[in-house]
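Novice: 3D model of this:
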Amino acid sequence: MHQIERISFPPFHLDLKAGRLARGEEAIDLPRKAYALLQYLVERPGQLVSKQELLEKLWPDVYVGESVLKVAVARIRKLLNDPCKKSRFIETAHGRGYRFIARTEALARLRESAEIPKTRYTRSGDVNLAYQVIGEGPIDLVFVMGWVSHLDYFWTEPSFARFLRRLASFSRVILFDKRGTGLSDRVPLNELPTLEQRMDDVRAVMDAAGSKRALLCGVSEGGTLSAMFAATYPERTTGLVMIGAYAKGIRDADYRWGLTEEQRDQFLDRIRREWGEPVGLEERAPSMASVAGFRQWWAAYLRTAASPGAAVTLARMNSEADIRGILPAIRVPTLVIHRTGDQCLRVEEGRYVASRIPGAKFVELPGIDHLPFVGDQDTILDAVEEFLTAARYSVQREPVSSAAVSACSSCGSKSITRVRMRSKVYAFS
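Specialist: The predicted model follows:
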């Protein structure tokens with residue numbers, strides 16, 4: 001893959017090839033340790049990087065204390081004219097670490113270098129679906145974004161682009177825009193897809209990408225869709241990863257964490273009034289909600305992903321989802337990831353989902369952001385990579401009991417394949 005040679009954060013830029021900080025054509029003298037620290041933060045915009053991570057990653061074989069970090073950050077702030085109390089570039093999270101908060105422009109280099117994946121189209125019924133394929137890993141992974149999406153705009157936010165490239169470092173990633181959103185065909189509001197139709201769209205995209213079986217990785221509502229696909233088409237599902245997902249949209253006596261109907265209707269009204277603004281960002285990425293560049297990106301992403309009417313209809317449909325009944329029928333290796341402080345979908349929802357899927361592994365991570373590419377994305381990606389690697393272990397077929405066949409009657413599966421992953425046995429239908 002082409003290596004980025006320059007990352008800009010006006011009026012400065014890092015010349016990665018020369019290893020120097022510059023303002024325009026003027027090079028700025030920055031000590032080696034300070035430059036390494038600045039580069040590490042700039043390459044992870046919006047991500048809180050702990051002091052311990054900086055010490056371990058930048059100087060793994062040399063003992064240095066936190067005082068080195070403080071001196072380096074102070075030197076950087078002085079050269080960038082970036083006072084701590086009114087920072088434009090480096091935010092200090094006292095006692096925890098540092099976050100680079102300015103908008104970066106590294107992705108422009110990727111566009112110039114043709115690193116944006118080629119968008120292709122396939123048909124599902126009468127609808128044209130846009131999809132992209134990246135990476136050459138040993139296993140296919142279908143990434144299903146929640147709510148609305150736009151393939152090209154994925155790549156205009158460096159943290160999102162980095163998240164996807166990391167997935168592509170250990171798998172062949174298939175991305176697509178669901179019908180009615182992004183680069184796929186827009187459809188009449190009364191013809192927006194049901195979850196069942198979206199499953200057919202996943203199949204169509206997999207066929208077009210030449211994928212016979214894939215691991216489904218879904219975020220938020222995308223996790224709900226992925227779970228339904230795994231239960232219905234186990235023969236095409238290698239495994240299931242649900243990130244910040246839920247089982248039911250609307251709260252009831254047996255599911256106490258969803259929205260009330262009043263809360264749902266208030267959100268729909270907000271979409272109608274404020275579409276074009278960064279709607280819902282405070283709940284989905286609170287750690288970035290005050291960063292002007294990220295707010296602008298989120299607003300543009302939503303505008304290009306769907307019309308206001310489509311956004312309302314899709315949000316309403318997502319709130320009406322209820323997959324509690326199908327969770328026990330999922331017989332593929334499953335990983336459920338949820339952040340403890342998720343302010344969009346509560347961590348109890350992730351725990352519930354994992355508890356209802358036989359053999360599912362639940363990973364609870366610290367953090368307050370719902371979007372997986374915001375905040376500490378590496379802990380999420382590490383868990384996905386470890387899980388995917390384990391899912392490639394040797395396969396041994398054996399018959400299923402009649403009770404298990406009955407539980408999976410909705411998908412017609414007659415046998416399972418067992419895969420041993422450490423101390424647990426996961427079942428592939």
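
Novice: Out of the helices and strands in the chain, which is least certain?
Specialist: strand 415-421 (a mean of 30; mean pLDDT, DSSP states H and E).

Novice: Could you count how many residues lie near D126?
Specialist: Applying other C-beta atoms under 10 Å, we find 9 residues neighbouring D126. Every C-beta, even on glycine, is put in place using the N, C-alpha and C of the backbone.

Novice: Give me the phi and psi angles of it.
Specialist: phi -100, psi 10 (degrees, to the nearest 10).

Novice: Check the spacing between it and Y233 real quick.
Specialist: Using C-beta to C-beta, to the nearest Å, we find D126 at a distance of 22 Å from Y233.

Novice: next one: E5
Specialist: Distance from E5 to Y233, by C-beta to C-beta: 43 Å.

Novice: low-confidence ranges in this protein?
Specialist: Within the chain, the segments meeting pLDDT under 70 span 1-4, 61-62, 105-115, 192, 392-429.

Novice: tell me the domain ranges of it?
Specialist: Domain assignment for the chain by automatic domain parsing gives 6-107, 116-259+293-428.

Novice: Can you tell me what sits against stretch 289-306?
Specialist: Stretch 289-306 is contacted from outside by 46, 101-103, 148-150, 152-153, 156-157, 177, 180-182, 275-279, 281-282, 285, 288, 311, 314, using C-beta atoms under 8 Å, 6 or more residues apart in numbering.

Novice: An error on my part: the question was meant for stretch 346-359.
Specialist: Here stretch 346-359 makes contact (C-beta under 8 Å, 6+ apart) with 223, 227, 240, 242, 244-247, 255-258, 324, 327-328, 330-331, 333-334, 336-342, 360-362, 364, 424-427.

Novice: Give me the buried subset of those.
Specialist: Buried members of the contacts of stretch 346-359, scored by 16 or more other C-beta atoms under 10 Å, are 223, 227, 240, 242, 244-247, 255, 257-258, 327, 330-331, 333-334, 336-339, 341-342, 360-362, 426-427.

Novice: quick one: which of those residues sit in strands?
Specialist: Mapping those onto strands (DSSP state E) picks out 240, 242, 334, 336-339, 361-362, 426-427.

Novice: chain center to stretch 249-258, what's the gap?
Specialist: The chain centre lies 25 Å from the centre of stretch 249-258; the measure is C-alpha atoms, centre = their mean, to the nearest Å.

Novice: no, scratch that, I was asking about stretch 289-297
Specialist: How far stretch 289-297 lies from its chain's middle: 18 Å, per C-alpha atoms, centre = their mean.

Novice: Just the C-alphas of that stretch, formatted as CSV.
Specialist: Taking Å, rounded to 0.1, in the frame of the first residue of the first chain, the C-alpha atoms of stretch 289-297 are listed here in CSV:
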residue,chain,number,x,y,z
ALA,A,289,-18.7,16.3,19.6
SER,A,290,-16.9,19.6,20.3
VAL,A,291,-14.3,19.2,17.6
ALA,A,292,-15.3,21.6,14.8
GLY,A,293,-13.8,19.6,11.9
PHE,A,294,-15.4,16.3,13.0
ARG,A,295,-18.8,18.0,13.4
GLN,A,296,-18.5,19.3,9.9
TRP,A,297,-17.6,15.9,8.6
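
Novice: In the stretch 201-350 of the chain, mark out all the strands, start to finish.
Specialist: Ranges of strands within the stretch 201-350 of the chain are 214-219, 237-243, 334-339, based on DSSP state E, counting those that start in this stretch.

Novice: These into a markdown table, with extra columns for distance to R32?
Specialist: Listed next are the strands of the stretch 201-350 of the chain as a markdown table, based on distance: least, C-beta to C-beta, whole Å:
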| stretch | distance to R32 |
| --- | --- |
| strand 214-219 | 39 |
| strand 237-243 | 37 |
| strand 334-339 | 35 |
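
Novice: among these, which is nearest S307?
Specialist: Among the strands of the stretch 201-350 of the chain, the nearest to S307 by C-beta to C-beta is strand 214-219 (21.6 Å).

Novice: strands paired with that closest one, and their directions?
Specialist: According to DSSP bridges, strand 214-219 forms sheet pairs with strand 140-144 (parallel), strand 237-243 (parallel).

Novice: most neighbours per residue, which of those?
Specialist: The highest average neighbour count among the strands paired with strand 214-219, using mean count of other C-beta atoms under 10 Å, belongs to strand 237-243 at a mean of 28.

Novice: so A310 sits right up against T181, yeah?
Specialist: Yes. The pair A310 and T181 qualifies as a contact (C-beta atoms under 8 Å) at a distance of 7.0 Å.

Novice: what is in contact with these two at once?
Specialist: Taking C-beta under 8 Å, 6+ apart as the criterion, A310 and T181 both touch V148.

Novice: Settle it for me: which of those two has more neighbours?
Specialist: T181 (27 against 20).

Novice: my guess is that one contacts V148, does it?
Specialist: Yes. With contact defined as C-beta under 8 Å, T181 reaches V148; the gap is 4.7 Å.

Novice: overlap in contacts of those two?
Specialist: By C-beta under 8 Å, 6+ apart, the residues touching both T181 and V148 are 305-306, 310, 314.
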